[in-house]
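Novice: Take this sequence and fold it.
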Amino acid sequence: MKPTPLAAFFITILASLIMLLPGPGVCQTSQEAHVSGSPNPVGSGARALGMGGAFIGVADDATAASWNPGGLIQLETPEMSIVGSFNQLYEDRHFDQNPGASGKYGLSLRNLNYLSAACPFQLLRKNMIVSLNYQTLYNYNKRHKYNYQYNNHVSSHSDLGPVIIDTATDTGGARLTKYDSDGYLKALSPAIAIQVTPSLSFGITLNYYHPKLGSKWDTSYFDTLNGTLDLEVSTSVGGNPPVTSHSTYAVSWKTWYHDEYRFKTSLNPFGFSKTSYNFGFLWNLNRYLTLGGVYKTPFTAKVAYKETFQSEEYMENVDDPDDATSTISPYTVIADEHQEIDMPASYGLGLACRFSDQFSLALDIYRTDWQDFVLRQASGREVSLITGRDKHTADTKPTHQVRLGGEYLFMLKNKYIVPVRAGLFYDPEPTADEPDDFYGFSLGGGIANGPVVFDLAYQFRWGNNVHEMRLGNEIITQDVTQHTVYASLIYHF
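Specialist: Numbering: from 1, shown residues only. The predicted structure follows:
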């Protein structure tokens with residue numbers, strides 16, 4: 001039915017208004033943190049990884065500055081160490097309504113995991129040690145790509161006195177959503193430990209962050225829809241019977257967002273709000289048992305944040321090619337401000353048992369208060385970086401890790417020491433509600449000859465039906481598998 005002049009007028013107005021709206025599901029990004037792999041702040045090093053991360057009660061190499069600085073006192077000679085890492089992450093995504101979008105996607109990362117120098121000494125008849133460490137605490141690397149069919153229905157009713165308008169729009173088509181995240185949170189970390197008594201030592205690590213140290217994070221978001229928009233308008237004037245008109249438009253929407261984060265802190269050693277600290281102790285209970293503990297302070301990271309936006313939108317009436325509208329927005333800075341990120345406290349206990357000079361076992365329990373992981377925007381709005389929603393609407397729970405590991409040392413020709421390590425762990429990730437369950441195991445080994453020690457470790461970590469999220473008209477889940485390899489080299493002077 002050909003629309004009346006009045007109905008055609010309202011169709012034109014409505015189509016113009018639709019063009020002013022963003023594409024389907026597109027809005028200013030929620031600044032949700034996407035952390036690749038375990039987001040829990042645990043530690044570094046091939047030896048610890050080979051034992052399943054059960055290292056708080058062991059902590060007898062230079063990476064103790066990260067795990068438990070109280071354990072640094074066990075280093076008897078000056079040493080330097082370097083650790084490299086390789087990560088392979090796979091996410092197998094499940095779409096019920098759009099099975100064609102299901103599939104496995106991978107991400108590979110290589111990185112300098114740890115670099116350190118340590119020097120023990122005596123002062124006032126007390127054994128002490130200082131170390132300087134460069135470490136990777138978090139990585140923000142992520143890749144998402146979704147191809148799926150999008151359908152959306154919107155209806156409205158407007159009573160303008162003598163004129164009553166009812167509208168209905170049905171939008172559908174092929175939609176592509178891509179999300180890329182690149183970056184790390186890295187720290188320069190001086191540490192010191194002191195042996196208070198022959199069986200008890202304490203240590204502290206200061207973590208200093210700066211963009212020049214590699215502490216930065218960039219995200220890119222791209223969303224496009226190619227399909228149709230069916231517009232139905234029912235218009236009634238002065239109580240007369242309504243006149244209904246229908247138009248179909250070919251539509252194309254494209255939207256880009258790019259976010260930049262640059263972490264900044266102060267060198268002020270007393271500025272607890274601007275740096276983070278690791279406090280640790282190591283207590284030799286007897287000749288067999290050692291108890292370790294660590295507390296990693298919450299802190300507020302200063303962030304320079306910048307967000308840019310660009311979009312393209314096109315609509316064409318399939319019955320009237322002259323009825324077409326195109327809008328291209330310029331590359332626009334929509335946010336350029338200083339923000340704050342509240343990092344949560346985390347703490348744990350570790351118990352190690354040395355059955356002999358060759359064989360030992362260790363058990364760790366570790367908690368992170370992810371409900372306090374919050375972004376504070378310049379406007380004062382506080383956003384949960386787990387859910388991407390306002391803090392007061394989030395119901396994120398803390399996570400509790402459990403790690404068990406062991407080590408056995410073989411002596412070869414009274415010259416070489418060959419360690420064999422293994423571990424199991426439960427390592428949940430935070431969500432908007434109850435944590436997602438992740439499990440894993442690790443294997444490790446190495447060789448020591450004189451002043452040189454080489455270690456290698458492999459870890460496999462998995463979670464099924466995790467990372468639940470809403471995309472389009474359905475909720476998707478993922479099966480995640482992660483392969484991690486650490487290699488370390490230590491030289492004792």
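Novice: Now do the buried residues in the top strand by length along the chain.
Specialist: Ranked by residue count under DSSP state E, the longest strand found in the chain is strand 163-197. By neighbour count on 16 or more other C-beta atoms under 10 Å, the buried set for strand 163-197 is 164-167, 169, 171-173, 175-177, 179-189, 191-195. C-beta coordinates here come from the backbone N, C-alpha and C atoms, glycine included.
Novice: Just want the angle from whichever helix or strand comes after that strand to strand 163-197.
Specialist: Using DSSP states H and E, the helix or strand that follows strand 163-197 in sequence is strand 200-207. Here the directions of strand 200-207 and strand 163-197 differ by 140 degrees (axes from the mean of the first three to the mean of the last three C-alpha atoms, to 10 degrees).
Novice: What pairs with the helix or strand following strand 200-207, parallel or antiparallel?
Specialist: Next along the chain after strand 200-207, taking DSSP H and E as the criterion, comes strand 216-237. Looking at strand 216-237 with DSSP bridges, its partner strands are strand 163-197 (antiparallel), strand 243-264 (antiparallel).
Novice: For the ones you listed, please prepare CSV with the additional fields distance to residue 121 and mean pLDDT.
Specialist: As requested, the strands paired with strand 216-237 are exported to CSV (distance: least, C-beta to C-beta, whole Å; pLDDT from 0 to 100):
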stretch, distance to residue 121, mean pLDDT
strand 163-197, 11, 85
strand 243-264, 33, 85
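Novice: of those strands, which approaches residue 99 most closely?
Specialist: With C-beta to C-beta as the criterion, residue 99 lies closest to strand 163-197 of these, at 14.7 Å.
Novice: Mind listing what's buried along stretch 68-81?
Specialist: Neighbour count says stretch 68-81 has 68-75, 79-81 buried, by 16+ other C-beta under 10 Å.
Novice: Closest one to residue 208 out of those residues, please.
Specialist: Distance to residue 208, by C-beta to C-beta, is smallest for residue 69 among the buried residues of stretch 68-81, at 14.8 Å.
Novice: what is the closest residue to the closest one other than its chain neighbours paired to in the beta sheet?
Specialist: Leaving aside its sequence neighbours, residue 69 sits nearest to residue 203 (C-beta to C-beta, 6 or more residues apart in numbering; 3.0 Å). Following DSSP bridges, residue 203 is listed with bridge partners residue 193, residue 280.
Novice: gap between residue 203 and residue 480?
Specialist: Distance, residue 203 to residue 480, using C-beta to C-beta, to the nearest Å: 34 Å.
Novice: So for those two, which residue has more residues nearby?
Specialist: Per other C-beta atoms under 10 Å, whichever of residue 203 and residue 480 has more neighbours is residue 203, with 27 against 21.
Novice: Next one: residue 189 relative to residue 300, how far apart?
Specialist: 18 Å.
Novice: whoops, residue 164 was the one
Specialist: Taking C-beta to C-beta, one finds residue 164 at 54 Å from residue 300.
Novice: What's the local residue count around residue 52?
Specialist: Neighbour number of residue 52 under other C-beta under 10 Å is 29.
Novice: rewinding a little: quick one: the longest strand of the chain to chain centroid distance?
Specialist: 8 Å (C-alpha atoms, centre = their mean, to the nearest Å).
Novice: Just the element for residue 83, please.
Specialist: Secondary structure from DSSP H and E places residue 83 in strand 79-94.
Novice: That strand: partners in the sheet, and parallel or antiparallel?
Specialist: strand 103-123 (antiparallel), strand 474-492 (antiparallel).
Novice: and the ones you listed, which is most packed in?
Specialist: Comparing the strands paired with strand 79-94 by mean neighbour count (mean count of other C-beta atoms under 10 Å), strand 474-492 comes out on top with a mean of 18.
Novice: Export only the CA atoms of it, formatted as CSV.
Specialist: Listed next in CSV are the C-alpha coordinates belonging to strand 474-492 (Å, rounded to 0.1, in the frame of the first residue of the first chain):
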residue,chain,number,x,y,z
GLU,A,474,21.9,-15.3,23.1
ILE,A,475,24.3,-16.1,25.9
ILE,A,476,27.4,-17.9,24.9
THR,A,477,30.0,-19.9,26.9
GLN,A,478,33.5,-21.1,26.2
ASP,A,479,35.8,-24.0,26.8
VAL,A,480,39.2,-22.6,27.6
THR,A,481,42.6,-24.4,27.4
GLN,A,482,45.9,-22.8,28.1
HIS,A,483,49.4,-24.1,27.5
THR,A,484,52.3,-22.3,29.3
VAL,A,485,56.0,-22.9,29.1
TYR,A,486,58.6,-21.1,31.3
ALA,A,487,62.4,-21.3,30.9
SER,A,488,64.8,-19.8,33.4
LEU,A,489,68.5,-19.4,33.7
ILE,A,490,70.3,-18.6,37.0
TYR,A,491,73.9,-17.7,37.5
HIS,A,492,75.5,-17.8,41.0
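Novice: Could you tell me how far that strand lies from the centre of the chain?
Specialist: On the basis of C-alpha atoms, centre = their mean, strand 474-492 sits 13 Å off its chain's mean C-alpha point.
Novice: Give the closest residue to residue 93 in space, chain neighbours not counted.
Specialist: residue 478 (5.0 Å).
Novice: Tell me, please, where in the stretch 1-150 of the chain the pLDDT is lower than the cut-off.
Specialist: 1-43, 100 (pLDDT under 70).
Novice: Tell me where it has strands.
Specialist: 79-94, 103-123, 126-139, 142-160 (DSSP state E, counting those that start in this stretch).
Novice: What pairs with the shortest one, parallel or antiparallel?
Specialist: Strands flanking strand 126-139 in the sheet, each with its direction: strand 103-123 (antiparallel), strand 163-197 (antiparallel) (DSSP bridges).
Novice: Just send the ones you listed back as a markdown table, with distance to residue 155 too.
Specialist: Below are the strands paired with strand 126-139 laid out as a markdown table (distance: least, C-beta to C-beta, whole Å):
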| stretch | distance to residue 155 |
| --- | --- |
| strand 103-123 | 34 |
| strand 163-197 | 4 |
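Novice: who wins for proximity to residue 484 among those?
Specialist: strand 103-123 (9.5 Å).
Novice: Which stretches in the stretch 351-493 of the chain count as strands?
Specialist: 359-368, 374-376, 382-384, 399-412, 416-426, 439-449, 452-471, 474-492.
Novice: Next, format those strands as CSV and append distance to residue 288 and mean pLDDT.
Specialist: Converted to CSV, these look like this (distance: least, C-beta to C-beta, whole Å; pLDDT from 0 to 100):
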stretch, distance to residue 288, mean pLDDT
strand 359-368, 9, 97
strand 374-376, 43, 89
strand 382-384, 44, 88
strand 399-412, 14, 96
strand 416-426, 19, 97
strand 439-449, 23, 96
strand 452-471, 24, 91
strand 474-492, 26, 91
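Novice: okay if I get the ones you listed as a markdown table plus distance to residue 159?
Specialist: What follows is those, written out as a markdown table (distance: least, C-beta to C-beta, whole Å):
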| stretch | distance to residue 159 |
| --- | --- |
| strand 359-368 | 53 |
| strand 374-376 | 41 |
| strand 382-384 | 37 |
| strand 399-412 | 51 |
| strand 416-426 | 58 |
| strand 439-449 | 58 |
| strand 452-471 | 33 |
| strand 474-492 | 34 |
